[in-house]
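Asker: Have a look at this prediction, sequence included:
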Amino acid sequence: MNFCLIVKKNNAMRTNIHDGIKKSFSTGQAKDSTFHNQKQKVFKALLSYPKTMLMVSVETGIMRASICRYIAGFRQEDRIQIVSKGICPISRHRAGFYTTNPNSL
């Protein structure tokens, strides 16, 4: 095969790959919107009645590690409070029951 043809094919492949990357990152739909939506879901899930992180995770489908991070942020903003500590109905281990209900704060 001719060396010039190989170089042209490689350059064409690179261009296609770079175009695909540009399209995927230029849509405006990125991590920030997902992060914000998940944070809102966690906040709303804790409004109805006090729940553990695992209960919120099962209800919303959001990973518990992410919920832990969101709750830490809520605590810094004084938007959440531990109502009580007790046995989680899912894990059967001791856990904190959190609420974002303003009447309980």
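Answerer: Looks like it arrived, so ask away. Numbering: from 1, shown residues only.

Asker: Check which element follows the helix or strand bottoming out on mean pLDDT in the chain along the chain.
Answerer: Every helix and strand of the chain was ranked by mean pLDDT, DSSP states H and E. The lowest is helix 3-25, at a mean of 49. Downstream of helix 3-25, the first helix or strand assigned by DSSP states H and E is helix 31-48.

Asker: Buried ones in that next one, by neighbour count?
Answerer: By neighbour count with 16 or more other Cβ atoms under 10 Å, helix 31-48 contains the buried residues Gln38, Lys39, Lys41, Val42, Phe43, Ala45, Leu46. To be clear about C-beta, it is placed using only N, CA and C from the backbone, and glycine gets the same treatment.

Asker: and that helix, what's its mean pLDDT?
Answerer: Helix 31-48 comes out with an average pLDDT of 90.

Asker: Show me what it is packed against.
Answerer: Helices and strands touching helix 31-48, by 3 or more Cβ pairs under 8 Å, 6 or more residues apart in numbering; DSSP states H and E, are helix 53-60, helix 64-76, strand 94-99.

Asker: Identify the residues contacting it?
Answerer: Residues from elsewhere that reach helix 31-48 (Cβ atoms under 8 Å, 6 or more residues apart in numbering): 51, 56, 59-60, 62, 66-67, 70-71, 73-74, 79-80, 98-101.

Asker: what angle sits between the helix or strand harbouring Ser84 and strand 94-99?
Answerer: Assigned by DSSP H and E, Ser84 falls within strand 81-87. Calculated by axes from the mean of the first three to the mean of the last three Cα atoms, to 10 degrees, strand 81-87 forms an angle of 150 degrees with strand 94-99.

Asker: Which elements pack onto strand 81-87?
Answerer: In this structure, strand 81-87 packs against strand 94-99, with contacts taken as 3+ Cβ pairs under 8 Å, 6+ apart.

Asker: Alpha carbons of the strand it packs on, as PDB, please.
Answerer: Listed next in PDB are the C-alpha coordinates belonging to strand 94-99 (Å, rounded to 0.1, in the frame of the first residue of the first chain):
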ATOM      1  CA  ARG A  94     -28.300   1.700  62.700                       C
ATOM      2  CA  ALA A  95     -28.700   4.800  60.600                       C
ATOM      3  CA  GLY A  96     -29.700   8.500  60.700                       C
ATOM      4  CA  PHE A  97     -33.200   9.500  59.500                       C
ATOM      5  CA  TYR A  98     -32.900  12.800  57.600                       C
ATOM      6  CA  THR A  99     -35.600  15.300  56.600                       C
END
